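Pasting the sequence and the predicted model now:
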Amino acid sequence: MRLRSILQGILTQRLVALLVTALIALALGAFGTTLSVFQIMSSNPMTPVNSTTAYVVIDDWDPLNELDWTPPLLSYNDGLQLFELASESKRVLTYDSKAVLHIPNSNRLFDYSGRVTTPDFFSTFGAKFQYGDSWNLQEDLSRDRLIVLSDDVNKEIFGGSNSVGKTLLVEGENFTVSGVLAPFEMTPKVYDLHVNPFGKPEGFYIPFNTGIEIQLLPQGRLLGWRNEEIQNLEDVLKTSMIWLQLWLQFDDPNDIAVYQSKVLSFVEILRQTGRVQRHGERVFLYSPSQWLQINHVVKNDSKLLLLMAIVFLIICLLCVVGLMLANYASRKKEFAIYRALGASRNYLIKRLSFEVMLLTTMGCFMGVLLIFLGLNGIQQLYGESYRAVTSVDVTNLLIAIAIIYVSTLSVCAFPITKHSSSLPASLLK
């Protein structure tokens, strides 16, 4: 069976071939684009450690507020106390901030989002180092002026070279670069879903106690319901305002229950002193998957778009079936001549199947182009912060193409078998 004869058969039915190719391209373009976005948005980057990782929340909110809402953050004093209770696990007390970085004896200023955090952040969330390392807990407690740079920031400031040991001014304070991260992305950004969960990771990281000492203000939410006067970060530290995140990672899932009992005892003391005023068990330890679900990272409109794309895929495939049935019906005499000349039923089935495969291949090629255009359009619409969401995942692309191939061949099996099985005499009527 020659490719040339198959192409000639397709060219004799140009309009049908064009319509079938266009339908397959549109189906793949719509389905592949929404599948890529949905799968990346609904993925859990912490799946391997989901059962041993917990996000800690206590409900210290207005008892007169009937809103069924649990505060997602911790106050400074509560965060420190709960951090100390988890001394046998990896523990990350953190908040996001923003600062101006400045090379000494240079006029160049760099304004970056950063993270103030304890040293276990990097191992807990899988951030690897290409140069140097992070600080340790003792250096954090000593308020050492150390800084870790992201790969992008290191390239922009130091040209990508090994900058460990070099000095940077952070808000006018001298800091020493202790490490540079390898390229690091987490989508969605599980460790901070409050501000731009699909944005790029921060550009720099400094020790928690150091950030507090130089008064780096939180960039994200600062919430409270009590009438507490606030002038600066020092005032915030004394209040019950919530702004810190506490993540813990244990060696054994059973350790989470042990820690929760400690937190319950701590909250009971707060209740007795009048601090926690809501009734019931107000302590929550959420796994990463639960935290993603609670924060509605995958919104209902994303699910609806995926459902619409599946429906559109089905409609396109039904249209392909209709076109192929009409096409084969108009080619009955051509099939009769093949059969009269000795072509077997299997030959016709193979020939028509190859035609469908060739049309599907052309449609998939056009569909891949539409996927790239669609994802690029989404990024242009929502901005650079959605770059990771709109990146092309090869696995998702192959899945979408495989679904199109299997679906197209499956739905075309009926018209192919129907017209290949007819006897020459019946086809010539």
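On my side now, so go ahead.

Would you mind confirming that Leu26 makes contact with Leu317?
No: the pair Leu26 / Leu317 is not scored as a contact, 11.1 Å apart, by CB atoms under 8 Å. In short, each C-beta sits where N, CA and C put it, glycine included.

where does the stretch 101-250 of the chain dip in pLDDT?
220 (pLDDT under 70).

ok, which stretches of it are helices?
Secondary structure of the stretch 101-250 of the chain (DSSP state H, counting those that start in this stretch): helices at 121-124, 137-141, 151-158, 208-213, 233-238.

Redo the ones you listed as JSON lines? Include mean neighbour count and distance to Leu74.
Compiled in JSON lines, the helices of the stretch 101-250 of the chain are given as follows (neighbours: other CB atoms under 10 Å; distance: least, CB to CB, whole Å):
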{"stretch": "helix 121-124", "mean neighbour count": "19", "distance to Leu74": "16"}
{"stretch": "helix 137-141", "mean neighbour count": "15", "distance to Leu74": "18"}
{"stretch": "helix 151-158", "mean neighbour count": "19", "distance to Leu74": "28"}
{"stretch": "helix 208-213", "mean neighbour count": "21", "distance to Leu74": "13"}
{"stretch": "helix 233-238", "mean neighbour count": "14", "distance to Leu74": "12"}
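
Which one, of those, ends up nearest to Gln245?
helix 121-124 (10.3 Å; CB to CB).

Quick one: list the elements packing against the closest one.
Packing partners of helix 121-124 (3 or more CB pairs under 8 Å, 6 or more residues apart in numbering; DSSP states H and E): strand 90-102.

What helices and strands are in contact with the strand it packs on?
Checking 3+ CB pairs under 8 Å, 6+ apart, strand 90-102 ends up next to helix 76-85, strand 109-117, helix 121-124, strand 167-170, helix 208-213, strand 245-249.

Now render the ones you listed as TSV, adding distance to Leu370.
Supplementary listing: these in TSV, determined by distance: least, CB to CB, whole Å:
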stretch	distance to Leu370
helix 76-85	48
strand 109-117	34
helix 121-124	39
strand 167-170	45
helix 208-213	46
strand 245-249	40
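
which one of these is the most hemmed in?
Compared across those, strand 245-249 shows the largest average neighbour count, a mean of 24 (mean count of other CB atoms under 10 Å).

Could you report the neighbour count for Val276?
Around Val276 there are 22 other residues, counting by other CB atoms under 10 Å.

Turn the helices of the stretch 101-250 of the chain into CSV, columns for distance to Lys350.
Formatted as CSV, the helices of the stretch 101-250 of the chain follow (distance: least, CB to CB, whole Å):
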stretch, distance to Lys350
helix 121-124, 56
helix 137-141, 69
helix 151-158, 53
helix 208-213, 68
helix 233-238, 74
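
Which one of the ones you listed lies nearest to Thr53?
Once the helices of the stretch 101-250 of the chain are compared by CB to CB, helix 121-124 is nearest, at 7.4 Å.

just checking, what packs against the longest helix seen in the chain?
Taking DSSP state H as the assignment, the helix of the chain that covers the most residues is helix 345-382. Judged by 3+ CB pairs under 8 Å, 6+ apart, the packing partners of helix 345-382 are helix 3-11, helix 14-42, helix 332-340, helix 394-421.

and the last one, what other elements does it pack with?
Other helices and strands packing on helix 394-421, by 3+ CB pairs under 8 Å, 6+ apart, are helix 14-42, helix 300-330, helix 332-340, helix 345-382.

mind listing what's buried in it?
396-397, 399-401, 403-405, 407-408, 411-412, 415-416, 419-420 (16 or more other CB atoms under 10 Å).

and of the residues you listed, the nearest to Glu84?
Asn396 (43.3 Å).

show me what contacts the closest one?
Applying CB atoms under 8 Å, 6 or more residues apart in numbering to Asn396 gives the contacts Gly32, Leu35, Ser36, Gln39, Ile40.

Which residue, other than its chain neighbours, is closest to it?
Once flanking residues are discounted, Asn396 sits nearest to Ser36: 4.7 Å by CB to CB, 6 or more residues apart in numbering.

Give me the neighbour count for that neighbour.
24.

hang on, it packs against Leu375?
Yes: contact criterion CB under 8 Å: Ser36 and Leu375 qualify, at 6.5 Å.

Let's have the contacts of Asn396 in CSV, adding pLDDT and distance to Val321.
Compiled in CSV, the contacts of Asn396 are given as follows (pLDDT from 0 to 100; distance: CB to CB, whole Å):
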residue, pLDDT, distance to Val321
Gly32, 80, 21
Leu35, 77, 22
Ser36, 74, 27
Gln39, 70, 28
Ile40, 69, 32
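
Most neighbours among these, which one is it?
Once you tally neighbours by other CB under 10 Å, Gly32 ends up highest among the contacts of Asn396, having 30 neighbours.

That one is in contact with Val368, isn't it?
Yes: with contacts counted by CB under 8 Å, Gly32 reaches Val368, the gap being 7.5 Å.

Check the contact lists of the two and give me the overlap.
Leu397, Ile401.

Can I get stretch 132-143 in PDB? Just the C-alpha atoms.
What follows is stretch 132-143 as a C-alpha-only set of coordinates in PDB (Å, rounded to 0.1, in the frame of the first residue of the first chain):
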ATOM      1  CA  GLY A 132      26.700  27.300  49.200                       C
ATOM      2  CA  ASP A 133      24.000  26.400  51.600                       C
ATOM      3  CA  SER A 134      21.400  28.000  53.900                       C
ATOM      4  CA  TRP A 135      22.000  29.200  57.500                       C
ATOM      5  CA  ASN A 136      21.400  27.000  60.500                       C
ATOM      6  CA  LEU A 137      19.100  27.500  63.400                       C
ATOM      7  CA  GLN A 138      21.800  28.900  65.700                       C
ATOM      8  CA  GLU A 139      22.700  31.500  63.000                       C
ATOM      9  CA  ASP A 140      19.000  32.300  62.800                       C
ATOM     10  CA  LEU A 141      18.700  32.800  66.600                       C
ATOM     11  CA  SER A 142      21.900  34.800  66.600                       C
ATOM     12  CA  ARG A 143      20.300  37.100  63.900                       C
END
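
hmm, back to that, of all the helices and strands packed on helix 345-382, which lies closest to Ala326?
Across these, closest to Ala326 is helix 14-42 (CB to CB), at 7.5 Å.

Tell me the gap between that closest one and the middle of its chain.
Centroid separation for helix 14-42 versus its chain: 22 Å, with CA atoms, centre = their mean, to the nearest Å.
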